[in-house]
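Participant: Sequence and predicted structure, then a few things I'm wondering about:
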Amino acid sequence: MLGYLILLFTLVPLVELAILIKIGQYMGIAYTIGLVLLTGIAGAYLAKMQGLITLRRIQEDINQGVMPADKLFDGVLILCSGILLLTPGLLTDIVGFMGLIPLTRNLLKRWVKAKVEDTISQGKVITITSFKSKPTE
């Protein structure tokens, strides 16, 4: 797992930098900086709007006595997407926008849930239910 994180935090920024350099060579530095700023601003606005909508839905579920697990997962995806959109780079922006658009967020949510379920079913993660409580005396 540590190897994946090291790879993620070194490879992704290098690829993002290479893409931004190529775009800068093609479009010019001013347009490239403008593109990065525009995606950051648009992403922050969209993340705020989607976050507020999701928060309102969570509150409605709680008021009705329903556990809002699915909507909480949406909130986590929106938060992660907002963070990705604030980092400069086009690949992170694409993934970030995918997490903010409801249609693609649902696809992403299904994929992440399937990955988590597979990991748990393979026994790679210790779940809370796997702990046995000691009998009290």
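Facilitator: Ah, there it is. Numbers count the residues shown, from 1 in each chain.

Participant: Of all residues in the protein, which one is nearest the centre?
Facilitator: Central residue of the chain (Cα atoms, centre = their mean): residue 80, 3.3 Å from the mean position.

Participant: tell me the helices in the protein, going along the chain?
Facilitator: Applying DSSP state H to the chain gives helices spanning 2-27, 29-63, 69-86, 90-100, 102-121.

Participant: count of residues packed around the closest residue to the residue nearest to the centre of the chain other than its chain neighbours?
Facilitator: Of all residues not flanking residue 80 in the chain, residue 99 sits nearest, at 6.3 Å (Cβ to Cβ, 6 or more residues apart in numbering). Placement of C-beta: from N, CA and C, glycine included. Counted with other Cβ atoms under 10 Å, residues neighbouring residue 99 total 26.

Participant: Do I have it right that residue 99 meets residue 83?
Facilitator: No: using Cβ atoms under 8 Å as the test, residue 99 is too far from residue 83 to be in contact (9.7 Å).

Participant: what's the closest residue to residue 17 other than its chain neighbours sitting at in phi/psi?
Facilitator: Leaving aside its sequence neighbours, residue 17 sits nearest to residue 89 (Cβ to Cβ, 6+ apart; 7.8 Å). With angles defined as degrees, to the nearest 10, residue 89 sits at phi 140, psi 150.

Participant: Which residues are in contact with residue 89?
Facilitator: 12-13, 16-17, 19-20, 36 (Cβ atoms under 8 Å, 6 or more residues apart in numbering).
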